[in-house]
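Asker: Sharing a model prediction with you, sequence too.
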Amino acid sequence: MWNPMSARSAGVFAARAFVPLAVLLAGPILADGGGPVSSSPEARVERPSYDVARTRAPIQVDGRLDDPAWQAAEPFAFFKNADGSPPPAALATTAKALYDDTFIYFAFDSADTNAWSTRDRRDDHLWEEEVVEVFIQADPTHPSYIELEVNPLGAMIDIFLIDVRKPIPYASWNSAGLRWAVHVDGTVDGRPGDRGWSCEMALPLEDVVTAPHIPPRPGDRWRANLYRVERRPERANLAWSPTLVGDFHRPDRFGDLVFRDRLVP
Ligand SMILES: [Ca+2]
Ligand SMILES: [Ca+2]
């Protein structure tokens, strides 16, 4: 993600990272599977939605996506570059979500020939390296949202933002019941030769204080987005719902999570 504490430094970062994006945004935007569209790209790139199934058994949060419920869960539509264009072919990214009475779970499976991070402390600036991220705004009439990031070293930063880029100081809000784990197929040493890494997160529903119902009722809709920041072997900023600008903090571009009563497996 981009630094939510400092819009100025984030702007510098975004400018550096997104010069190509700015160029792309000046030209046509490719819609899903379709031809180029030009005017008002934000209006033309629809926000996606995802049906969240309910898991019969709690997920074993060990970083491995071998739980039967994950096997039965549907994947999010493929990640795109933040401008909506197809992502680099080498950076295949699969994500899924599930819920039960206690948690909402997220799984990421990221192909990566060079899984890299150096930060291993809670609440460090993980977004400056490689990371997967979940943003949740359960009620879009409330500006607050939750941001979770995990890197391939297994470090977590959990942030509660009271409004766009207005976080409670990182160390002051920790989700007490949050659980997460990663599994790396390779080494996190900055050198090539890796295959990828997977991540599981379990966010206690009780932390999602703006949710209309806890646990969610079938048909409830939350806003959310999922991201992946890549630095090696190539820079990329991937999103489930492209934000169309060099900034992940765009709740108006979040997709919809729609809770269903479908049980898995
Ligand atoms: Ca697992
Ligand atoms: Ca990488």
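Answerer: Cool, the structure landed. Numbers count the residues shown, from 1 in each chain. Ligands and ions are numbered 1, 2, ... in the order given.

Asker: Show me the residue at the heart of the protein, geometrically.
Answerer: Leu226 (2.2 Å; CA atoms, centre = their mean).

Asker: which residue sits closest to that residue in space, ignoring its chain neighbours?
Answerer: Using CB to CB, 6 or more residues apart in numbering and skipping residues adjacent in sequence, the residue nearest Leu226 is Trp240, 4.2 Å away. In short, each C-beta sits where N, CA and C put it, glycine included.

Asker: quick one: that neighbour and Arg228 touch, right?
Answerer: No: look at Trp240 against Arg228 with CB atoms under 8 Å: they stay out of range, at 9.2 Å.

Asker: intersection of neighbour lists for these two?
Answerer: Overlap of the contact sets of Trp240 and Arg228 (by CB atoms under 8 Å, 6 or more residues apart in numbering) consists of Phe79.

Asker: So Met201 is in contact with Leu148, correct?
Answerer: Yes: under the criterion of CB under 8 Å, Met201 makes contact with Leu148 at 5.8 Å.

Asker: residues touching the residue of the chain found nearest ligand 1, list them.
Answerer: Of all residues in the chain, Gln60 sits closest to ligand 1, at 4.2 Å by CB to the ion. By CB under 8 Å, 6+ apart, Gln60 lies in contact with Asp67.

Asker: quick one, phi/psi of the residue nearest to the centre of the chain?
Answerer: Per-residue torsions, Leu226: phi -120, psi 140 (degrees, to the nearest 10).

Asker: contacting residues for it?
Answerer: Phe76, Phe79, Ala95, Phe106, Phe108, Val132, Glu133, Val134, Phe135, Ala239, Trp240.

Asker: Compare those and tell me which is most surrounded.
Answerer: Val132 (29 neighbours; other CB atoms under 10 Å).

Asker: Distance of it relative to His213?
Answerer: 27 Å (CB to CB, to the nearest Å).

Asker: Ok, Arg195 next?
Answerer: 40 Å.

Asker: Spell out which residues belonging to the chain are near ligand 1, please.
Answerer: Residues of the chain found near ligand 1 (CB under 5 Å from the ion) are Gln60, Asp62, Arg64, Asp67.

Asker: close enough to count as contact, the third one and Val184?
Answerer: The reference is to Arg64. No: in this structure, Arg64 is not within contact of Val184 by CB under 8 Å, at 10.9 Å.
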